[in-house]
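S.K.: Task: produce atomic coordinates for the following.
(one chain, ligands or ions: 1)
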Amino acid sequence: MAETMEKPPKVIESKEEEEEEEKSFEELGLDPRLIRALIKKGIDKPTPIQQVAIPLILEGKDVVARAKTGSGKTFAYLLPLLQKLFTDSGSKNKLAPSAFVLVPTRELSQQVYTEVSSLIELCRVQLKVVQLTSSMTASDLRAALVGPPNILVCTPACIPKCFSADVLQSASINSSLEILVLDEADLLLSYGYEDDIKAFTAHIPRRCQCLLMSATSSADVEKLKKLILHNPFILTLPEVGNIKDEVIPKNVQQFWFGIKSAVLNAELPQNSRLHILEEFNAGLFDYLIATDDSQTKEKEETNRESNAERRKSRKHAKQKLDSEFGVVRGIDFKNVHTVINFEMPESAAGYVHRIGRTGRAYSTGASVSLVSPDEMEIFEEIKSVLGNDENNDSNLISPFSLLSKNAVESLRYRAEDIAKSVTKVAVKEARFQDLKKEILNSEKLKAHFEVNPRDLDLLKHDKALSKKPPAPHLRDVPDYLLDPKTQEASKLVKLSRAAMGNNKSMRREGSRKKFRKSKDPLKTFSAEAPKRARKGGIKSEGKDGDDSHKHKKKKSI
Ligand SMILES: Nc1ncnc2c1ncn2[C@@H]1O[C@H](COP(=O)(O)OP(=O)(O)OP(=O)(O)O)[C@@H](O)[C@H]1O
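M.R.: Reported below is the predicted structural model:
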């Protein structure tokens, strides 16, 4: 550590880039071998942070460098670090590496290691760099540190492992360590390395030069600065000071896309699901991402049938489907252009239900199934159940020529990046947000119900929790248990039923089953629905489609 006395920090605020007097690498005092290596890499002039940091580091100063992402901080410390090691005369007698570069992630460790190795190779100097990972065994660590190497790159978690494996000792570090770099310092503490770093500070010799590189100025950086550095030079590049300027380079154009979408899943309260459907059908958003919780039921059902039986009669299979139920099944989505099976359904029945959300009534639609190799079996089964009837185009599942292998390949990395961020915690948080939002929405619906009691009626026909009839004493709610609002709502429901002609006597006369089905909002949701007599099957549901929406933009599920 350069100086142990508490003195006010020496702050260098770099001026605006255009006012900056540009210096060359030669003028910064960089070794010609390094300059030649940089030229081979296509780098001929230093970035602003390099211009300020390189001379200070060469002079042996402790430095805190805060510069935005992509500003060249890695070379800002690596170039002077290597140059100092070129002339490190006592390196032969060392028992531990002369330089430690601590980074928050294994990926970053690999990146820094690659960069150092390449510079060493291009400079043709006898320096050795090693990279450690915390998954290495004691013998791996020992083999890596034999020599010892000049530079060690790792996460802070590797250091205590080296101590416990006795491949690094306090005395060896004390006699050898010349330069310590904390790269991406703003992340080191948030990645949980505080204890490792604190434990390590006890072994850092006083003479050791400490460098702290960071893209942001956070409380964590301040903490580390106090822990490791004494009276350092603080380099703050222009525009560093708030999150906006710290992380976003000026040369990045930023855009946003308004893809109107919503999520529908069985976890949402029934009124929220209805609300979402209502908005989708009214064309408020273009994409609906829905889970298919009918899968388990379908699986149970299909397991009961033998494959042979199912294949014997497709008609029979379809009749079976009609008695099934799920969140996706039966809902009358409007104007759906495409159904995308991101994961294949677990049965042919599920497939038919899903793709039945499009092509309703006389409208046309398409379905695209993304079939992974382990879904080929069910895909073949679906094809076999549907039959490859060449006279009936709708039963043919064709290869989708628009989705070429090249098109998929070009999006692979992007998709993988996104997939990485879909962690359990992220999903949990998103669900929580959804629920919270929808509960608020349902609060908004209160006023709507007062004006539209019919909608309240629809809501009352929620998915039945159990087919078992309620115990007789639970059939009616005694008056003393009803709060005034419930009583008021109940009156409204009765009145609206009477107005629609859907009272008890009618139900007794007509088909009870049919009435229930037509009112079941999960099976046929429509904000304006009640008069339509619906039939049970997928085809007949389609014929009932509401043509008044035909002019609307088509959407995807
Ligand atoms: N003087 C230079 N001229 C041109 N390119 C450079 C120069 N210095 C570094 N680069 C290149 O700029 C890119 C960004 O550098 P670097 O990774 O060091 O940025 P950083 O400031 O550490 O960013 P982050 O905070 O995101 O890690 C790298 O590809 C590096 O090779």
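S.K.: Close to the ligand: what parts of this protein are there?
M.R.: 43, 46-47, 50, 67, 69-75, 215 (CB under 6 Å from any ligand atom). Heads up, the C-betas are built off the backbone N, CA and C, glycines and all.
S.K.: Drop anything exposed from those.
M.R.: 43, 46-47, 50, 67, 71-75, 215 (16 or more other CB atoms under 10 Å).
S.K.: Which members of the residues of the chain next to the ligand are positioned in helices?
M.R.: Those of the residues of the chain next to the ligand mapping onto helices are 50, 73-75, per DSSP state H.
S.K.: T201 and K226 touch, don't they?
M.R.: No - counting by CB atoms under 8 Å, T201 sits too far from K226 to count as a contact (10.5 Å).
S.K.: Mind jotting down where the strands sit in the stretch 251-400 of the chain?
M.R.: For the stretch 251-400 of the chain, the strands defined by DSSP state E, counting those that start in this stretch cover 261-264, 287-290, 336-341, 366-369.
S.K.: helices or strands up against the second one?
M.R.: Contacts defined by 3 or more CB pairs under 8 Å, 6 or more residues apart in numbering; DSSP states H and E place strand 287-290 against strand 261-264, strand 555-556.
S.K.: mind saving the C-alpha coords of that strand as PDB?
M.R.: C-alpha atoms of strand 287-290 as PDB (Å, rounded to 0.1, in the frame of the first residue of the first chain):
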ATOM      1  CA  TYR A 287     -49.200 -11.400 -27.700                       C
ATOM      2  CA  LEU A 288     -50.500 -13.600 -25.000                       C
ATOM      3  CA  ILE A 289     -48.100 -15.900 -23.300                       C
ATOM      4  CA  ALA A 290     -50.100 -18.600 -21.700                       C
END
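S.K.: picking that back up, export the buried ones among the residues of the chain next to the ligand to TSV and tack on pLDDT?
M.R.: As requested, those are exported to TSV (pLDDT from 0 to 100):
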residue	pLDDT
I43	94
P46	95
T47	92
Q50	95
A67	84
S71	85
G72	90
K73	92
T74	94
F75	96
A215	80
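S.K.: Distance to E343 for these - can I get that in CSV?
M.R.: CSV is the format used below for those (distance: CB to CB, whole Å):
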residue, distance to E343
I43, 47
P46, 51
T47, 46
Q50, 49
A67, 44
S71, 42
G72, 44
K73, 42
T74, 41
F75, 45
A215, 38
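S.K.: and of these, the nearest to E26?
M.R.: P46 (10.2 Å; CB to CB).
S.K.: That closest one contacts G29, doesn't it?
M.R.: No - checked against CB under 8 Å, the pair P46 and G29 is beyond contact range at 11.3 Å.
S.K.: which residues do these two both contact?
M.R.: Shared contacts of P46 and G29 (CB atoms under 8 Å, 6 or more residues apart in numbering): I54.
S.K.: so the residue of the stretch 351-500 of the chain found nearest the ligand is in which element?
M.R.: Per CB to the nearest ligand atom, D417 is where the stretch 351-500 of the chain lies closest to the ligand, at 15.7 Å. In the assignment (DSSP states H and E), D417 maps to helix 405-421.
S.K.: any idea of the mean pLDDT in that helix?
M.R.: In this model, helix 405-421 carries a mean pLDDT of 74.
S.K.: so where's the stretch 401-550 of the chain uncertain?
M.R.: Along the stretch 401-550 of the chain, segments meeting pLDDT under 70 span 402-403, 407, 432, 434-446, 448-449, 455-550.
S.K.: Neighbour count for T201 and K226, which is higher?
M.R.: T201 (13 against 10; other CB atoms under 10 Å).
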